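> based on what follows, work out the 3D shape:
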Amino acid sequence: MIFFLIFCVTSGFSTLLNQDTLDVIYRYVQKTPFKKIFERSGSEASFINEAIPTAYDSRAVYPNCKSLTSVLDQKKCGSCWAFATTGSAADALCINGIANVIPSPQRQICCDNKCLEIPLKQCDYGCNGGVLTAASLYIENNGIVSDECIPYEENSSKPCFTSCSKEGVKMEVYKGLYAKIPSIMKVSENEMKKGIMIGGSIAVAMNVFQSFTLYKGGVYNRTDGDFLGNHAVRLVGWNDTAEVPYWIMINSWGTEWGMNGTCYYLKGKNLGNIESQTVYFSTTPPTYHGRQVSVSFSLIFIFLLVSFTAVLYLLSYVCGRINEGEKKRDLQEKEARTQMLREIGERRYKRGLKNRSSSSVRRRRLSSSENEDEKDTSTRMIDDSEEEEESEKDIEKVGLLS
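Numbers count the residues shown, from 1 in each chain. Reported below is the predicted structural model:
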């Protein structure tokens, strides 16, 4: 019965997980004790041991990639998350020789509307903001299209596109990428550098302060002014040889901002939390990726459920034994009190009998003594009468003699 219940619960739980949720479960489980179950393999595993240069710029390494050399403008729509993730995906497609296009953020903000429930609810809301994790997994499963097919319109209220919005252009969806999510709290510099070298760029989340909007050049190294909200950008390189180490950033605020839309951003200090969350794309799938993790996750879920059930059973057993012991002690105490009361009653009863017997003896003694007194009295009376009779007789005897 228990195993049947576990099967039903597991089956029902699995139906609640869409593909994107299963994907993110895998990526987050990489940071848990279950990591060995989902061990990755392939070219990226050996890449970690390769020497990482002190300075790197994907734009110089891949100068023909349109996405790496183009700066787009999100305008007044809060779609930075879509620009950062589609741009990073287009960079990975280009450096791997799959496609060389400028991506369409418009398709992303209109079509990516699913939420991830694990570990926290993460949703994309078009022009009202989004999350890098959910966006990157949408791209892994649904690919990207070119900006030529679906040009940017600064409007996320339109229905999802099933064909190009521009007439005469055939819709082509570019797939073959896997989203890499190193962490959601703190990412090491080497992980970020590795992501840039593997995918051409990484999408990062950051906090924006007023000073960032006024940036014109140099290394941005302060967070002055009011906090304005969260933002997402791409990092395409770094420089550790400069007097102040920095990341090379491509923003989505047009070419009039910063240095033609780019920025040198302080590296190694997690300024504005820019080194806290990142995603990038690769053509190398993990040994177990999101589409294959459902069975393994179900096994883990069953194991956890069985363990939880065993703990509950053990707790109920211990509590039952404790209750039985308390009941037994209560019964023993009750029996002891009953026995004590019985003994007290018997002693009182015996004492009462003894008192009654002693009273009857005293009464008998009193009555016997009274009887003896009466007998003595009567005896004395008889003796007196006899003495009187004898005296009379003696008197008579005395008179006859005279």
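
> okay, CA-based contacts and neighbour counts for the rest of this
Will do.

> next one: Ala55 from Tyr246, what distance?
10 Å (Cα to Cα, to the nearest Å).

> neighbour count winner among the two?
Remark: of Ala55 and Tyr246, Tyr246 carries more neighbours, 24 against 15, as counted by other Cα atoms under 10 Å.

> correct me if wrong: that one contacts Tyr265.
Yes - using Cα atoms under 8 Å, Tyr246 is in contact with Tyr265, at 5.0 Å.

> got any residues that touch both of those two?
Val219 (Cα atoms under 8 Å, 6 or more residues apart in numbering).

> list residues touching both of Ala55 and Tyr246?
With Cα under 8 Å, 6+ apart as the test, Ala55 and Tyr246 both reach Trp238, Asn239, Asp240.

> what about the first one, which helix or strand?
Trp238 belongs to strand 227-239 when elements are defined using DSSP states H and E.

> quick one: strands adjacent to the next helix or strand after that strand?
Sequence order places strand 246-250 as the next helix or strand after strand 227-239, per DSSP H and E. Strand 246-250 has the following sheet partners, assigned by DSSP bridges: strand 227-239 (antiparallel), strand 262-266 (antiparallel).

> quick check: mean pLDDT of strand 246-250?
Averaged across strand 246-250, the pLDDT comes to 98.

> what of stretch 157-173?
Rounded mean pLDDT across stretch 157-173 is 92.

> just how off-centre is that stretch within its chain?
41 Å (Cα atoms, centre = their mean, to the nearest Å).

> could you do stretch 231-241 as well?
Centre to centre, stretch against its chain (Cα atoms, centre = their mean), the figure for stretch 231-241 is 33 Å.

> for the residue nearest to Phe161 when sequence neighbours are not counted, give me phi and psi.
Spatial nearest neighbour of Phe161, excluding adjacent residues (Cα to Cα, 6 or more residues apart in numbering): Arg107 at 6.5 Å. The phi and psi values for Arg107, taken as degrees, to the nearest 10, are phi -60, psi -40.

> show me where the stretch 151-300 of the chain has helices.
Applying DSSP state H, counting those that start in this stretch to the stretch 151-300 of the chain gives helices spanning 189-199, 210-213, 293-401.

> now the second one: buried residues?
Within helix 210-213, the residues that qualify as buried are Ser211, Phe212, counting by 16 or more other Cα atoms under 10 Å.

> can you tell me how far Val145 sits from Lys66?
Taking Cα to Cα, one finds Val145 at 14 Å from Lys66.

> more neighbours: the two, which one.
Ranked by neighbour count (other Cα under 10 Å), Val145 and Lys66 place Val145 first, with 25 against 19.

> contact partners for that one?
Counting by Cα under 8 Å, 6+ apart, Val145 touches Pro103, Ser104, Arg107, Met171, Glu172, Val173, Tyr174.

> now with 10 Å?
Counting by Cα atoms under 10 Å, 6 or more residues apart in numbering, Val145 touches 86, 90, 101-108, 139, 164, 171-175.

> please apply the same query to Ile248.
Ile248 neighbours (Cα under 10 Å, 6+ apart): 56-58, 201, 219, 234-239, 262-267.

> how about a cut-off of 6 Å?
Leu235, Val236, Gly237, Trp238, Tyr264 (Cα atoms under 6 Å, 6 or more residues apart in numbering).

> want to throw those residues into JSON lines with neighbour count and pLDDT?
Shown next, in JSON lines, are the contacts of Ile248 (neighbours: other Cα atoms under 10 Å; pLDDT from 0 to 100):
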{"residue": "Leu235", "neighbour count": "30", "pLDDT": "98"}
{"residue": "Val236", "neighbour count": "27", "pLDDT": "98"}
{"residue": "Gly237", "neighbour count": "25", "pLDDT": "97"}
{"residue": "Trp238", "neighbour count": "25", "pLDDT": "98"}
{"residue": "Tyr264", "neighbour count": "24", "pLDDT": "98"}
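
> pull the most distant pair out of those residues.
Largest separation among these by Cα to Cα: Val236 and Tyr264, giving 10.6 Å.

> still on that earlier bit, gap between the residue nearest to Phe161 and Ala203?
18 Å.

> of these two, who's got more company?
Ala203 (32 against 28).

> surely the more buried one and Ala84 touch.
Yes - judged on Cα atoms under 6 Å, Ala203 makes contact with Ala84 at a distance of 5.3 Å.

> need the overlap of contacts for those two.
Joint contacts of Ala203 and Ala84 (Cα under 6 Å, 6+ apart) are Val233, Arg234.

> can I get the strands paired with strand 246-250 in JSON lines with distance to Ile150?
Formatted as JSON lines, the strands paired with strand 246-250 follow (distance: least, Cα to Cα, whole Å):
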{"stretch": "strand 227-239", "distance to Ile150": "21"}
{"stretch": "strand 262-266", "distance to Ile150": "25"}
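
> quick one: closest of those strands to Asn323.
Of the strands paired with strand 246-250, the one closest to Asn323 (Cα to Cα) turns out to be strand 227-239, at 55.7 Å.
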